[in-house]
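K.L.:
Need coordinates for the following:
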Amino acid sequence: MDMLPEVTFTVYRNNLEPIEKKAKFINEQIIYSGIEVNEYTKVDVRLSCPFDDDAKLVIDSCFSEDSIEIIESQGNVTIMSGENSPNMLVPGDYSIELSCKGVTYYSYYRVSSKVFSDVGLFNLRTYLENMLKGLSYDLVKQRRGMLSAIPEMNPTLLQVFQFISTHRNQISRNSKLILKEPITNLIGEYRVTNKTKKPDQKSQRWYAKRGHQKVSSLMVQDQYYEKHTKLSLDNQENQWVKYIIYYFLLKIRKLEVNFQKEMYSIKNRIDEQQRRLNQTEETMNKGSNTFGYKGTVKSLRDARRRITGRIEELEKEYNTYSSYKHLLTSTTSIFTELERTPWIQELPNRKPKKVTQKLLKDYRYRRMYSLYNEFRKLETNHNESRNTGIQHRRTWQLFEYYNVGILIDILRENGYKWVQGWLADSDNPQQHIGTLPQDTVLRLEKDNCDHYLELAYDSELETSIVDQSYSRYFNSDGRRPDIRLTIYKQNGKLYSEKAGLIVEVKCRHHRYLINEEIEPDVKVQLKDFKKLEYFDSNGLVNGDPVKTPIKQVIVLYPKQNGKVPVVADHIYGEAIIYLQIEPNDITSEFKPFGYEAFKNNVDNFLSQIKEDGSNE
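P.N.:
Residues are numbered from 1 along each chain as shown. Down below sits the predicted model:
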């Protein structure tokens, strides 16, 4: 067997010496390298090949969307940073390609979840993909007032954008090749001429009835109506080209409109954050040199830092959409130019009835039709990768999304309809990209009821109240719960003194959450959530505007063998309760592990609502 280069993985461990592992390769086979690392681990890779200076390693890393290339002289190269960052590699298999002496070897390494088994992680992702599809389907029916089955919603606008931006040059190139030398047909056309070549019966009838009448004198030549052949562009193949060009133009223009809407929404959020920043700085200026306000000023500085960071995030998002829109504008120009081609405009405006063999045999036309077909499948949800965004979410994000979905399921079981926010908003670019944005607020309600529910995901809270004209939650330490559920009366007032519920999602081991001997760090956060304050602008009248409406804090964390699945806090009792959750196979007739315990606590919270909750 030929000598192979060595590919060495250096895996760093907390408070322990790093360990080195050699990757396995076999000629002409794709095999598992034997390397498995945790998603939060720092990993370096080194190539060693003393017998081939041109040897190279191509491997997936967290620092680039494309694979990176490594040669021996580079030494150790970091492929996983070990940090909880947006670019970290999520659990899954990642490719390794090793080239040496003209031979290429293929393998892959595995990134595993810190808290979920492979089966648990698969069930988690599958549930989320089906949640996006199923909830969206129900919401469309709800908006349209339909009870029967309907086609599912279109995919995310960002998926559409990705498809068009990826293939726009190919579509443009094929279109231009077609316009330069389109398929033509020979057709017969009758026309009046001064010469006769092959008169047929139709020509003779015409001459007998009208031909000699047009000859008014002996000086005028006879005229004949005969069939002549000519090249025509009006055929099924070119009709498909026109239809496809118009089809893509329609989608691109829709994208432009919706990106503009999203940019407008982001701009409003930036303005709101800027308003909060100005208020914070104004308050800081009042107390910066005043004795006795050091703690307040420190809190305000922390708030300023958080708000500034949020503004930077939003501005980055705005610039991203702006670049998307710029690319769309240039793409629109390409297709508009194609659309204005004279012979294209002369073709009928209709979808061809069938795909001809002549179209399929011509590569230019076949490729155009193939791209159109791929896009049409994407739109009709026949594309299996339609929720690829889910596959690239970090485990803790997936677990948060999962529990938001489970909570929505529980509320719907209680008869609530999801009427506003996230998937319930029409023309939302983030409907199906597999993400749940920060500061997402959902509204759920029942028909003819005196109340509604507000479900807020990862919503930022103000640290102090400056504007007293409206009610909202606030927290001086800048805490932001994962999920906040609040019951409001239809007039916007809190339904009761304890109308709030916090659901905090933790991807942690049991011992880092529950310890009666020493208080874990997370406990400080949970206690702050239990005391979360709410400014009630209506309470200014009676001098009691600040409420603490949180009835309970529910902590959800992954199932762990040998640990009690439901634990009330040893000090706060059921006011802070820890529940284990584990996703199960979506085809199972049984609910996920922990679902019933979670539902019982949510039902208990909702039990404060009057029996029918209706307006009498």
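
K.L.:
following the lowest-mean-pLDDT helix or strand in the chain, which helix or strand comes up?
P.N.:
Ranked by mean pLDDT, DSSP states H and E, the helix or strand of the chain with the weakest confidence is helix 388-391, at a mean of 42. As assigned by DSSP states H and E, the chain's next helix or strand after helix 388-391 is helix 395-413.

K.L.:
what's the spacing between that following helix and its chain's center?
P.N.:
With CA atoms, centre = their mean, to the nearest Å as the basis, helix 395-413 stands 16 Å off its chain's centre.

K.L.:
For residue 47, list the residues it contacts.
P.N.:
With contacts defined as CB atoms under 8 Å, 6 or more residues apart in numbering, residue 47 is in contact with 5, 6, 7, 55, 56, 57, 70, 71, 72, 74, 98. Any C-beta I mention is one placed from the backbone N, CA and C, and that applies to glycine too.

K.L.:
same thing but 10 Å
P.N.:
5-8, 55-57, 59, 70-77, 98, 100 (CB atoms under 10 Å, 6 or more residues apart in numbering).

K.L.:
Show only the entries of those found in strands.
P.N.:
6, 7, 8, 56, 57, 59, 70, 77, 98, 100 (DSSP state E).

K.L.:
confidence score at the first one?
P.N.:
Same thing as residue 6. Residue 6 is assigned 89 on the pLDDT scale.

K.L.:
Could you pull up the residues touching it?
P.N.:
22, 23, 25, 46, 47, 48, 49, 50, 72, 98.

K.L.:
Across the sheet, point out what pairs with it.
P.N.:
residue 48 (DSSP bridges).

K.L.:
how close does it get to residue 18?
P.N.:
17 Å (CB to CB, to the nearest Å).

K.L.:
what's the answer for the third one, then?
P.N.:
Distance check for residue 8 against residue 18: by CB to CB, it reads 11 Å.

K.L.:
Show the contacting residues for the residue lying closest to residue 599 once chain neighbours are set aside.
P.N.:
Nearest non-adjacent residue to residue 599, counting by CB to CB, 6 or more residues apart in numbering: residue 410, 4.9 Å away. Applying CB under 10 Å, 6+ apart to residue 410 gives the contacts 416, 595, 598, 599, 600, 601, 602, 603, 606.

K.L.:
among these, who's most crowded?
P.N.:
residue 598 (24 neighbours; other CB atoms under 10 Å).

K.L.:
So it is in contact with residue 592, correct?
P.N.:
Yes. Counting by CB atoms under 10 Å, residue 592 is a contact partner of residue 598 at 9.0 Å.

K.L.:
which residues do the two both contact?
P.N.:
Counting by CB under 10 Å, 6+ apart, the residues touching both residue 598 and residue 592 are 406, 409, 581.

K.L.:
how far away is the last one from residue 559?
P.N.:
This points to residue 581. 7 Å.

K.L.:
which residues are in contact with both of those two?
P.N.:
By CB under 10 Å, 6+ apart, the residues touching both residue 581 and residue 559 are 565, 592, 593, 594.

K.L.:
Out of those, which two sit at the greatest distance?
P.N.:
Farthest apart among these by CB to CB are 565 and 592. That separation is 11.8 Å.

K.L.:
tell me, what's touching the two both at once?
P.N.:
559, 581, 582.

K.L.:
what about the closest residue to the second one other than its chain neighbours, neighbour count?
P.N.:
The spatial neighbour of residue 581 that comes closest, neighbours along the chain excluded (CB to CB, 6+ apart), is residue 594 at 3.9 Å. Burial measure for residue 594: 22 neighbouring residues, criterion other CB under 10 Å.

K.L.:
From residue 415, how far off is residue 594?
P.N.:
Per CB to CB, residue 594 is found 22 Å from residue 415.

K.L.:
Repeat that for residue 585.
P.N.:
From residue 585 to residue 415 the distance is 27 Å (CB to CB).

K.L.:
Check residue 282 too.
P.N.:
In terms of CB to CB, residue 282 sits 46 Å off from residue 415.

K.L.:
Name the member of the shared contacts of residue 565 and residue 592 with the shortest distance to residue 528.
P.N.:
residue 581 (22.7 Å).

K.L.:
Check which helices and strands whichever helix in the chain runs longest sits against.
P.N.:
Secondary structure of the chain read by DSSP state H shows that its longest helix is helix 236-287. Using 3 or more CB pairs under 10 Å, 6 or more residues apart in numbering; DSSP states H and E, the elements in contact with helix 236-287 are helix 157-180, strand 185-193, helix 294-339, helix 342-346, helix 357-361, helix 363-379.
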